[in-house]
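>>> Can you look at this prediction? I've put the sequence above it.
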Amino acid sequence: MSDSSSDESSESWTPYCERGEWSDVEPVPQDDGPHPVVQIAYSDKFRDVYDYFRAVVARNEVSDRALELTKDAAKLNPANYTVWHYRRELLKQLNKDLREELTYISKIITQHPKNYQVWHHRRVIIERLQDATQELDFTSAVLKGDAKNYHAWQHRQWVVREFDQWDGELEYVDRLLREDFRNNSAWNQRYFVINHTSGFTDDVIDREIKVLMDRQLQNYPAVLAFCQGLYDDRYRSPYLIAYMIDTYEEMLEQGCDNQADTLKKAGELCESLANEYDQIRGEYWNYVSRSLNSRFGLENKTQQAQAAS
């Protein structure tokens, strides 16, 4: 709730109680009961605006001035459901231009991108317009600032599904993943798109596995360098070491260069987990080490060569 002195901006402000055009309205103070446990220190501006807002709601006033009042109320507290609901009712009954409202709510979302109520208001306006041509570009702009904004993704999924805008969505996700392979929101959107379009057929699964492997291999040098740096700095988290082992295993499976050296590093890390840093799962790490040696060790290669001959 934004009702502190930060809302008392330097812009010219005339309280509603001093506006002649509002002299016919009796403000309705907030009733917190006779013994409020924790009284909120509302600013004078906040109290003035909401006293008049409660008054117009109580009399169910439908007017341009009531609509403007909701703007002030929303500015002070953009999370107030009643304000946005009443504004939507006024827009409908006053037959206001919803495209102007879309421009207005775009500005509000830019200021409050993680506020559920403002995104819900936008969704209702789009439903009334039955026109979502701006929505993918709008959500893309928001996601540039915060690639994991839940509300933006939720709105985007609704738009794509409701208005059948699947074309190009997988390509959009690909661009995001090229920028950040670890963007879990983009991976979720990838699943969402595939699940609602082609489905996970055998061909699609094969393609997705290849995408994962290609993207992961492209990141080995940077990821391993980062992990190795932490390890060299004596950071011995079992999760860090386990990730390094998993990475080495994938490299071995892909036939990396210097397989003997890679296998040796993986074995040493398994041993460190088994004997020191993750002893409670020591037997598991010993098993992983034996499994890697069995699959990629010199003895296994010799057997494969003999079988081939």
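Cool, got the structure.
>>> pLDDT value on Ser12, please?
Looking at Ser12, its pLDDT is 87.
>>> burial of it, as a residue count?
5 (other CB atoms under 10 Å). Every C-beta, even on glycine, is put in place using the N, C-alpha and C of the backbone.
>>> Can you say which helix or strand has it in it?
Using DSSP states H and E, Ser12 sits within no helix or strand.
>>> what about the stretch 1-150 of the chain, any weak spots by pLDDT?
Within the stretch 1-150 of the chain, the segments meeting pLDDT under 70 span 1-11.
>>> contacting residues for Lys210?
If you count contacts by CB atoms under 8 Å, 6 or more residues apart in numbering, Lys210 has none.
>>> what are the phi and psi angles of Tyr42?
With angles defined as degrees, to the nearest 10, Tyr42 sits at phi -70, psi 150.
>>> let's have the chain start at 423 instead
Done: numbering now begins at 423, and the last item shifts to Tyr464.
>>> Just want to check the distance between it and Pro458.
Remark: distance between Tyr464 and Pro458 (CB to CB, to the nearest Å) = 12 Å.
>>> Please say which of those two ends up with more neighbours.
Neighbour count, other CB under 10 Å: between Tyr464 and Pro458, Tyr464 has more, with 17 against 10.
>>> what separates that one from Ile530, distance-wise?
21 Å.
>>> same deal with Trp580?
Distance check for Trp580 against Ile530: by CB to CB, it reads 18 Å.
>>> between the two, who's got more neighbours?
Taking neighbours as other CB under 10 Å, Trp580 and Ile530 compare with Ile530 leading, 20 against 16.
>>> The more buried one contacts Asn499, correct?
No: counting by CB atoms under 8 Å, Ile530 stays clear of Asn499, with 12.0 Å between them.
>>> just for the stretch 623-731 of the chain, where's the confidence low?
635-642, 721-731.
>>> can you do 80?
By pLDDT under 80, the low-scoring segments of the stretch 623-731 of the chain are 631-645, 720-731.
>>> Would you map the helices across it?
Under the criterion DSSP state H, counting those that start in this stretch, helices of the stretch 623-731 of the chain are mapped to 624-640, 642-654, 660-675, 681-694, 704-718, 720-730.
>>> And the stretch 423-572 of the chain, by the same measure?
Under DSSP H, counting those that start in this stretch, the stretch 423-572 of the chain gives helices at 466-480, 486-498, 503-515, 520-533, 538-551, 557-567, 572-584.
>>> Just send the ones you listed back as CSV, with distance to Arg597 too.
Converted to CSV, these look like this (distance: least, CB to CB, whole Å):
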stretch, distance to Arg597
helix 466-480, 43
helix 486-498, 34
helix 503-515, 33
helix 520-533, 22
helix 538-551, 23
helix 557-567, 10
helix 572-584, 14
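>>> And those helices: which comes nearest Phe648?
Of all those, it is helix 557-567 that lies closest to Phe648, at 24.7 Å by CB to CB.
>>> In contact with Lys687, which residues?
Met666, Tyr670.
>>> how much space between it and Ala644?
Distance from Lys687 to Ala644, by CB to CB: 17 Å.
>>> now Asp470
Using CB to CB, Asp470 is found at 56 Å from Ala644.
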